[in-house]
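Peer 1: Give me coordinates for this.
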Amino acid sequence: MDDPGEVAGPDAREALERLLLDGPRRYTRLQVAELAGMPPTRTQRLWRALGFADAADDDLVFTDADVSALAVLSELIDSGFVDPDSEASIARAMGQALSRLADWQTDMLADALTRPGADGERRKASAEEVVAAARALLPRMRDIQHYVWRRHLAANADRLLSAAGRGDRRELAVGFADLVGYTSRSRGMGGRELGAMVEDFESTATEVIARHHGRVVKTVGDGVLFTAGSPVDAVDIGLELPEVWDAEDRPPLRVGAAYGAVLTRFGDVYSPVVNLASRLTSLARPGTVLVDRELARGLRGQRAYRVRPLRRVSVRGYDHLQPWLVRRRPTGDDASPFDTSAFEDMLDELADEVLEQPDDDGSEGRPS
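Peer 2: The predicted structure follows:
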């Protein structure tokens, strides 16, 4: 019996390439550079930035679509929309994001083409079936990608209207949600089981973060990096995620978050705030949320939360880091006999006094 994972032969590959690349491969690297009116070194730099392997000078690798794409890029540069100094960075960001999307879509298509038949046995799809499925699905996938892209642009409309030159610098809360003990637990898992857990985690994180107006910046297997526009949204995400994720067969979750000026560039975020959030995450106990002083200050006056200072610690890159533990304030049946109004008011006042104190030598927010 043929290997069910092998879904296509040479004929299908050639037909798929023509479909996906909008025509046959007919140009070498040097020819496509000449047709696009670009130096070969520049086209090679962009090709690598997009994540594709180098092609030999005499290999027929490129198509008419490649020439057209380079022509469009030249128009964007000539119009001033794309800075020539940043074109490779833009290509790299697009290549990384779309490569991951393409990997997922390829796996999905391959799985659809190797499902059991009427007799229960998995069979290899024919070349005609592969091409027919791709021809039917590609336009739909393109349309939904176009829709999602435009919706994300609309969600960022406020940045389009911000002051010129400042749209990439914002005050944001940055948070990490990290699976505790992921490495040791994953060693004993099969591929399917591990894949299911990662999918469940990413699905849960994405849903909770979106519900509280946050944005997933990226996921890295055992963790997720997110941003939120306000301290309250960030804390709501941090408190809810471990609760929703909690189950006996899952590793516990911990969260760290910090607030401050952040540079957003090509979909990623850069700032000492990101490093600070990462350090706080590493200090957090399973199921808890730790925040920095600035984010804790942003919660002042919010009666829904308890904000309590913890002992200062030294971690890699930061001396005398002051973590703040955030919990929901119990209400009704959840309150204990010690949750008296006077006692909690006293603790709130003590926390406020600490928050009002200067940052000493400022080491909390800067690398040591």
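Peer 1: Hmm, residue 36 is touching residue 77, no?
Peer 2: No. With contact defined as Cβ atoms under 8 Å, residue 36 does not reach residue 77; the gap is 11.9 Å. C-beta: built from backbone N, CA, C; applies to glycine.
Peer 1: Which one's more surrounded, those two?
Peer 2: Taking other Cβ atoms under 10 Å, residue 36 and residue 77 do not tie; residue 36 has more neighbours (21 against 14).
Peer 1: Distance-wise, check residue 202 relative to residue 277.
Peer 2: Distance of residue 202 to residue 277, given as Cβ to Cβ, to the nearest Å: 19 Å.
Peer 1: These two - which one has more neighbours?
Peer 2: Set residue 202 next to residue 277 and count neighbours by other Cβ under 10 Å: residue 277 wins out with 29 against 14.
Peer 1: Contact partners for that one?
Peer 2: 174, 175, 176, 256, 257, 258, 292 (Cβ atoms under 8 Å, 6 or more residues apart in numbering).
Peer 1: list the helices and strands the helix or strand where the first one lies packs on?
Peer 2: Residue 174 is part of strand 169-179, with elements assigned from DSSP states H and E. Applying 3 or more Cβ pairs under 8 Å, 6 or more residues apart in numbering; DSSP states H and E, one finds that strand 169-179 makes contact with strand 223-228, helix 231-245, strand 253-265, helix 272-283.
Peer 1: Select, out of the ones you listed, the one closest to residue 93.
Peer 2: Smallest distance to residue 93 across the helices and strands packed on strand 169-179 (Cβ to Cβ): 8.3 Å, for strand 253-265.
Peer 1: Report the distance from that closest one to the chain centre.
Peer 2: Relative to its chain's centre, strand 253-265 lies at 13 Å (Cα atoms, centre = their mean, to the nearest Å).
Peer 1: Over to stretch 94-108?
Peer 2: 13 Å.
Peer 1: what comes into contact with it?
Peer 2: 49, 50, 51, 52, 141, 145, 267.
Peer 1: again, only this time at 6 Å
Peer 2: 50, 51 (Cβ atoms under 6 Å, 6 or more residues apart in numbering).
Peer 1: same deal with stretch 229-241?
Peer 2: Here stretch 229-241 makes contact (Cβ under 6 Å, 6+ apart) with 173, 175, 177, 208-209, 212-214, 228, 253, 255, 257, 259, 289, 295, 298-299, 326.
Peer 1: Check the offset of that stretch from the chain's centre.
Peer 2: Distance, stretch centre to chain centre, for stretch 229-241: 17 Å (Cα atoms, centre = their mean).
Peer 1: quick revisit: kindly calculate the angle that the strand holding residue 174 makes with helix 272-283.
Peer 2: Strand 169-179 and helix 272-283 meet at an angle of 20 degrees, taking axes from the mean of the first three to the mean of the last three Cα atoms, to 10 degrees as the criterion.
Peer 1: picking that back up, ok, so of the contacts of residue 277, who is nearest residue 285?
Peer 2: Distance to residue 285 across the contacts of residue 277 (Cβ to Cβ) is lowest for residue 256, with 11.1 Å.
Peer 1: Surely the closest one touches residue 282?
Peer 2: No. Using Cβ atoms under 6 Å, residue 256 is not in contact with residue 282, being 7.3 Å away.
Peer 1: These two - which one has more neighbours?
Peer 2: It is residue 256, of residue 256 and residue 282, that has more neighbours when counted by other Cβ under 10 Å, with 26 against 13.
Peer 1: got a list of what the more buried one touches?
Peer 2: Taking Cβ under 6 Å, 6+ apart as the definition, contacts of residue 256 comprise 176, 277, 280, 281, 284, 290.
Peer 1: List the beta-bridge partners for it.
Peer 2: residue 176, residue 290 (DSSP bridges).
Peer 1: Can you give me the distance of it to residue 157?
Peer 2: According to Cβ to Cβ, residue 256 stands 30 Å off from residue 157.
Peer 1: ditto for residue 170
Peer 2: On the measure of Cβ to Cβ, residue 170 and residue 157 end up 14 Å apart.
Peer 1: that older thread, out of the contacts of residue 256, who has the most neighbours?
Peer 2: Neighbour max across the contacts of residue 256 (other Cβ under 10 Å) = residue 277, 29 neighbours.
Peer 1: And that residue, what's its pLDDT?
Peer 2: Residue 277 carries a pLDDT score of 94 in this model.
Peer 1: Against residue 330, how distant is it?
Peer 2: 26 Å.
Peer 1: host element of residue 90?
Peer 2: Assigned by DSSP H and E, residue 90 falls in helix 87-112.
Peer 1: how distant is that helix from the center of its chain?
Peer 2: Taking Cα atoms, centre = their mean, one finds helix 87-112 lying 13 Å from the centre of the chain it belongs to.
Peer 1: So which bits of it are buried?
Peer 2: Neighbour-count burial for helix 87-112 flags 87, 90, 91, 92, 93, 95, 96, 109, 110 (criterion: 16 or more other Cβ atoms under 10 Å).
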